[in-house]
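**Student:** model the following, please.
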Amino acid sequence: MAGIKISLRDKDYVVRAEKDLLTGGEDDTLLKFIQHVDEEFVAGETAYLEIEGLKGNPITLEISH
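**Tutor:** Prediction:
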C-alpha cells in the first residue's frame, strides 16, 4: 500500500483538516485496523468510529463505505 491519507470535510466538501498517514515504515497497527474495517463493511452500511483518550468526551465519527 502506497499510503493512507485522512481528511475531515464539512457538508460542503471543504477540507477542514488532513494528514498523510502510513507513508512507509511505520507501525502497521493502524493499517491493520483500517484493513479490518474495510473488509467488514457492507455497501450502504453506516458505522460509528469512536476516538477516546483525548480531552473530555470521545469524538464519534460516522463512516460509510
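
**Student:** for the closest residue in space to residue 64 that isn't next to it in sequence, what are its contacts?
**Tutor:** In space, and not counting its chain neighbours, residue 64 is closest to residue 46: 4.7 Å by CB to CB, 6 or more residues apart in numbering. Every C-beta, even on glycine, is put in place using the N, C-alpha and C of the backbone. Contacts of residue 46 were listed using CB atoms under 8 Å, 6 or more residues apart in numbering, and they are 62, 63, 64.

**Student:** next step: those restricted to helices.
**Tutor:** Using DSSP state H, no member of the contacts of residue 46 sits in helices.

**Student:** among the residues you listed, show me the least confident.
**Tutor:** Lowest pLDDT among those: residue 64, with 83.

**Student:** contacting residues for that residue?
**Tutor:** 41, 44, 45, 46, 47.

**Student:** and the helices in this protein, which stretches?
**Tutor:** 29-40.

**Student:** any regions of it where pLDDT drops low?
**Tutor:** The chain contains residues with pLDDT under 70 at 1-2, 23-27.

**Student:** tell me which residue of it is furthest from the middle?
**Tutor:** residue 56 (20.2 Å; CA atoms, centre = their mean).

**Student:** re earlier: and which of the contacts of residue 46 is nearest residue 3?
**Tutor:** Using CB to CB, residue 63 is the member of those that sits closest to residue 3, with 19.2 Å.

**Student:** of the contacts of residue 46, closest to residue 19?
**Tutor:** Within the contacts of residue 46, the smallest distance to residue 19 is 16.4 Å, found for residue 63 (CB to CB).

**Student:** now do that closest one against residue 55, distance only.
**Tutor:** Note on residue 63: its distance to residue 55, by CB to CB, to the nearest Å, is 22 Å.

**Student:** go on, residue 11?
**Tutor:** Relative to residue 55, and taking CB to CB, residue 11 is found at 25 Å.
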